[in-house]
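J.: Kindly generate the corresponding structure for this input.
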Amino acid sequence: LPALMALAVLIDYLVIRAQGLDFFAHYCVSPGYWMLLAAHAVMWAGGHWLRGRYTGATPGALARTAAVLVPATALCHLLAQGGFYWMSPAVAEPTVAGWAANYGHWFLPYLSATAMFVAVAAIAQAVSEAVVRHGAVAAGRAGGR
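T.: Sure, this is the predicted structure:
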């Protein structure tokens with residue numbers, strides 16, 4: 001996780017500097033930017049928890065993934081969006097009502113994007129496991145001849 005977070009900050013830094021802008025003066029790099037570390041740690045922790053319980057691509061694994069994905073994404077979004085909303089000078093007069101409206105406005109797109117990436121990874125995992133099983137069955141047949 002620390003290496004991935006360092007890479008993410010490096011990428012942000014390089015992209016912002018490539019635009020000829022000062023990293024620390026950029027709109028997105030407010031004191032709330034650093035809440036992304038905690039936000040991404042939440043997602044990493046959810047994946048780490050799932051990995052420890054993974055026994056193969058099964059309906060149970062899919063159900064556990066969905067059960068972890070929604071609350072982990074909600075908390076990640078709370079930290080990322082909340083950090084920007086409450087700590088960024090871009091929001092002149094933050095209010096609880098304004099924050100709640102902003103959180104609600106962005107949560108479904110945030111969850112949808114996250115679910116899409118997880119679905120692609122889950123499909124790739126299921127396909128790769130099926131290919132390995134098929135190869136093992138084929139090798140077993142060839143060895144028995």
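J.: Lowest mean pLDDT among the helices and strands, pick that one out for the chain.
T.: helix 96-143 (a mean of 91; mean pLDDT, DSSP states H and E).
J.: other SSEs contacting that one?
T.: Helices and strands touching helix 96-143, by 3 or more Cβ pairs under 8 Å, 6 or more residues apart in numbering; DSSP states H and E, are helix 59-87. No exception for glycine: its C-beta is placed from N, CA and C like everyone else's.
J.: redo that, cut-off 10 Å
T.: Applying 3 or more Cβ pairs under 10 Å, 6 or more residues apart in numbering; DSSP states H and E, we find helix 96-143 packed against helix 35-52, helix 59-87.
J.: Would you mind measuring from Val91 to Leu50?
T.: Val91 sits 34 Å away from Leu50, taking Cβ to Cβ, to the nearest Å as the criterion.
J.: er, Ala113 I mean
T.: 19 Å.
J.: more neighbours, the two?
T.: The residue with more neighbours, out of Ala113 and Leu50, is Leu50; 17 against 11, by other Cβ atoms under 10 Å.
J.: these two touch, right, the more buried one and Ala61?
T.: Yes: the pair Leu50 and Ala61 qualifies as a contact (Cβ atoms under 10 Å) at a distance of 7.9 Å.
J.: sorry, back to before: got the angle for the least confident helix or strand of the chain vs helix 59-87?
T.: 150 degrees (axes from the mean of the first three to the mean of the last three Cα atoms, to 10 degrees).
J.: what angle sits between helix 96-143 and helix 35-52?
T.: Taking the same axes, to 10 degrees, helix 96-143 and helix 35-52 form an angle of 30 degrees between their directions.
J.: residues in contact with Ala39?
T.: For Ala39, the contact set (Cβ atoms under 10 Å, 6 or more residues apart in numbering) comprises Ala72, Thr73, Leu75, Cys76, His77, Leu78, Leu79, Ala80, Gln81, Gly82, Gly83.
J.: what's around the second one, how many residues?
T.: Around Thr73 sit 22 other residues, with neighbours defined as other Cβ under 10 Å.
J.: same check, this time on the first one
T.: Applying other Cβ under 10 Å, we find 20 residues neighbouring Ala72.
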